[in-house]
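Novice: how would this look folded up:
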Amino acid sequence: MNKKRTSAHHQAALQLLRANPLPPEELRQRLSQLRSLAYWRGMNPQLSVQSRSVEANEEVGMMSVIEHLTSRFEKEGYLQADHALPEPLVGRMRECTKNLKRERWPLVFAFVYDEFWRATRTPALVRLLSAILSPRYKQIPKIWTHYVAPDGGSGLRSVMRHSKMVACTWFPGTQLLPA
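Specialist: Prediction:
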């Protein structure tokens with residue numbers, strides 16, 4: 001890791017600690033947990049950490065559907081695609097969010113898990129975003145996971161950008177509107 005990057009990470013860690021001071025013993029415990037793959041795997045055994053397997057839903061991947069969604073995005077400035085992620089996967093991600101909240105970890109730690117990183121990298125979503133933004137779009141490092149009380153839904157969000165065009169992908173963990 002280069003020196004500037006390490007320094008930036010160090011400064012960010014110091015800011016976080018200053019904003020959320022912990023008693024020394026809890027800080028030692030958290031730092032130990034932070035470095036432990038077994039801890040993260042144990043907290044959310046339904047998800048993977050550093051796995052090579054890929055789970056993707058290819059429903060959005062059909063060319064005519066991508067063309068339709070691209071056209072809709074150009075006209076309306078947004079799009080909504082049902083079932084962009086398989087419901088069982090969304091359920092496991094939702095459970096992870098609850099577990100992180102219960103254990104008092106900032107929800108951005110959901111990105112310890114492969115499934116959160118892969119959500120915006122499924123082949124179908126990559127094809128769709130390439131069609132909308134350009135084949136050279138890049139995901140910017142501004143990611144977060146939000147928890148919204150169960151009466152409103154919970155989700156994960158990742159922002160992608162190419163040139164001046166920005167697309168925000170948001171996957172709700174629960175139904176957003178009453179049935």
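Novice: What ranges does the protein have for its helices?
Specialist: Ranges of helices in the chain, per DSSP state H, are 3-19, 24-34, 37-43, 63-76, 87-102, 114-118, 123-132.
Novice: In this protein, what helix or strand scores lowest on average pLDDT?
Specialist: strand 155-162 (a mean of 42; mean pLDDT, DSSP states H and E).
Novice: need the helices of the chain in JSON lines with mean neighbour count, can you?
Specialist: C-beta here means a position set from N, CA and C on the backbone, and glycine is covered the same way. Below are those laid out as JSON lines (neighbours: other C-beta atoms under 10 Å):
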{"stretch": "helix 3-19", "mean neighbour count": "10"}
{"stretch": "helix 24-34", "mean neighbour count": "11"}
{"stretch": "helix 37-43", "mean neighbour count": "14"}
{"stretch": "helix 63-76", "mean neighbour count": "13"}
{"stretch": "helix 87-102", "mean neighbour count": "17"}
{"stretch": "helix 114-118", "mean neighbour count": "19"}
{"stretch": "helix 123-132", "mean neighbour count": "18"}
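Novice: between those helices, which one is nearest to Thr145?
Specialist: helix 87-102 (6.0 Å; C-beta to C-beta).
Novice: Can you name every helix or strand that the closest one contacts?
Specialist: helix 114-118, strand 165-172 (3 or more C-beta pairs under 8 Å, 6 or more residues apart in numbering; DSSP states H and E).
Novice: mean pLDDT for these: which is lowest?
Specialist: The weakest mean pLDDT among these belongs to strand 165-172, with a mean of 60.
Novice: pLDDT below threshold where in the protein?
Specialist: Low-confidence segments of the chain (pLDDT under 70): 1-10, 12-17, 20, 52-64, 82-83, 149-179.
Novice: repeat that with 50
Specialist: 1, 56-61, 152-164, 177-179 (pLDDT under 50).
Novice: returning to what we had before: could I get the helices of the chain as TSV with distance to Trp144?
Specialist: Below are these laid out as TSV (distance: least, C-beta to C-beta, whole Å):
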stretch	distance to Trp144
helix 3-19	14
helix 24-34	18
helix 37-43	18
helix 63-76	23
helix 87-102	11
helix 114-118	10
helix 123-132	18
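Novice: For His146, which of those is the nearest?
Specialist: So among these, helix 87-102 is nearest, using C-beta to C-beta, at 8.4 Å.
Novice: what's the closest of the helices of the chain to Tyr147?
Specialist: That would be helix 87-102 among those, by C-beta to C-beta, at 5.4 Å.
Novice: from what I can see Leu129 touches Arg136, true?
Specialist: No - applying C-beta atoms under 8 Å as the test, Leu129 and Arg136 come out as separate, 10.8 Å apart.
Novice: Excluding chain neighbours, what is closest to Leu128?
Specialist: Excluding the flanking residues, the one nearest Leu128 by C-beta to C-beta, 6 or more residues apart in numbering is Ile66, at 5.4 Å.
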